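> Fold the following, please.
(one chain, ligands or ions: 2)
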Amino acid sequence: MDEENIDTERPSKATDEPKHDNEIRIAVLGQDLVGKTALIYRFIRDKFPSTRETTVEDQYKKIININNVECELEILDTAGQDIYQTMLESWIEFASCFLLVYSVDNKDSFTQVKQKYEKVVEKKGKQFFSVVIIGNKSDLDDNERKVKKEEAEIYARNIGVDVIETSALNNINVTEGFLKVSEIYLNNKVNKNEKKNLGCPCF
Ligand SMILES: Nc1nc2c(ncn2[C@@H]2O[C@H](COP(=O)(O)OP(=O)(O)OP(=O)(O)O)[C@@H](O)[C@H]2O)c(=O)[nH]1
Ligand SMILES: [Mg+2]
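Numbering: from 1, shown residues only. Ligands and ions are numbered 1, 2, ... in the order given. Next comes the predicted model:
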């Protein structure tokens, strides 16, 4: 592994500052060891973590510009371990955007993405939410791969969401995943505001 690319510090935690006008809450969900924390760390610090800790729940902030609009991303890192899944409903409640992460070398983690998607749909009801499916560890050799890209694409197409293969290790498509899920959310918000300003009776 490239030594310069490793950082021992954790990303800074979110604080109790006033709410930003364009706050976008993203929950990163998925089985343990799929690389949720590594993806967040890569996105926020552009580094790959040198050590690994099992996550219970952590929250991070990042300000970014999406289509020339300043947005504050509130990113919720969640636990993948089964014993913490009692917290799943509160994570879903917290967020409007979801990155559902599996690891390309773990079929079971892909099954869990499907289950988590069902749970999000059930819990969110009629509220708007955006989802992007992330197939992490795309850097692994083909002989380690257990989930074909096409299989994930077919599932994603059927439910009408995007799927992106990423590597937190090699910094492939990580920012794209966070931006995509935020953009979908922001576009929906802008559309709603435009309809509101036009006096649409549904608002
Ligand atoms: N090859 C490869 N390994 C990765 C990648 N991302 C993470 N890993 C490794 O996968 C393991 C798990 O990474 P974590 O980020 O801790 O996984 P997690 O999903 O946050 O796990 P929990 O917090 O227990 O739910 C670590 O050993 C990472 O180094 C990647 O893109 N490629
Ligand atoms: Mg973690």
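
> Okay, and the beta partners of Ile133?
Each beta-bridge partner of Ile133 is listed here, defined by DSSP bridges: Leu100, Val163.

> just Lys61 next, same as before
Where Lys61 sits in a bridge, its partners, by DSSP bridges, are Glu74.

> Now do Ala95 against ligand 2, distance only.
Computed with CB to the ion, to the nearest Å, the distance linking Ala95 and ligand 2 is 16 Å. In this view, the C-beta of every residue, glycine as well, is placed from N, C-alpha and C.

> what residues are up against that residue?
Contacts of Ala95 were listed using CB atoms under 8 Å, 6 or more residues apart in numbering, and they are Arg25, Ile26, Ala27, Leu76, Phe129.

> again, only this time at 6 Å
Residues touching Ala95, when contacts are defined by CB atoms under 6 Å, 6 or more residues apart in numbering, comprise Arg25, Ile26, Ala27.

> where does it land on pLDDT?
Ala95 carries a pLDDT value of 98.

> Can you report phi and psi for it?
Dihedral pair for Ala95: phi -100, psi 160, per degrees, to the nearest 10.

> bridging residues for the closest residue to it other than its chain neighbours?
Setting aside the residues directly before and after it, Ala95 is nearest to Ala27 in space (CB to CB, 6 or more residues apart in numbering), at 3.7 Å. Beta-bridge partners recorded for Ala27 (DSSP bridges): Leu76, Phe98.

> right, and Ala27 touches Trp91 too?
Yes. Counting by CB atoms under 6 Å, Ala27 does reach Trp91; the two are 4.8 Å apart.

> So which of these two has more stuff around it?
Ala27 (27 against 23; other CB atoms under 10 Å).

> tell me which parts of the protein are close to ligand 1?
Within the chain, the positions lying close to ligand 1 (CB under 6 Å from any ligand atom) are 30, 32-38, 52, 54-55, 79-81, 136-137, 139-140, 167-169.

> residues contacting the residue nearest to Ala95?
Counting by CB under 6 Å, 6+ apart, Ala27 touches Leu76, Trp91, Ala95, Phe98.

> Which pLDDT value belongs to the second one?
This points to Trp91. You'll see Trp91 listed with a pLDDT of 98.

> Relative to Asn67, how far out is it?
Trp91 sits 27 Å away from Asn67, taking CB to CB, to the nearest Å as the criterion.

> my guess is Ile40 meets Asp77, correct?
Yes. Proximity of Ile40 to Asp77 meets the contact threshold set by CB under 6 Å, at 5.3 Å.

> which of these two has more neighbours?
Relative neighbour count places Ile40 above the other of Ile40 and Asp77, with 26 against 22, counting by other CB under 10 Å.

> what's the burial count for Lys119?
Other residues lying near Lys119 total 17 when counted by other CB under 10 Å.

> secondary structure class for it?
Per DSSP: H, G, I helix; E, B strand; the rest coil, the local secondary structure of Lys119 is helix.
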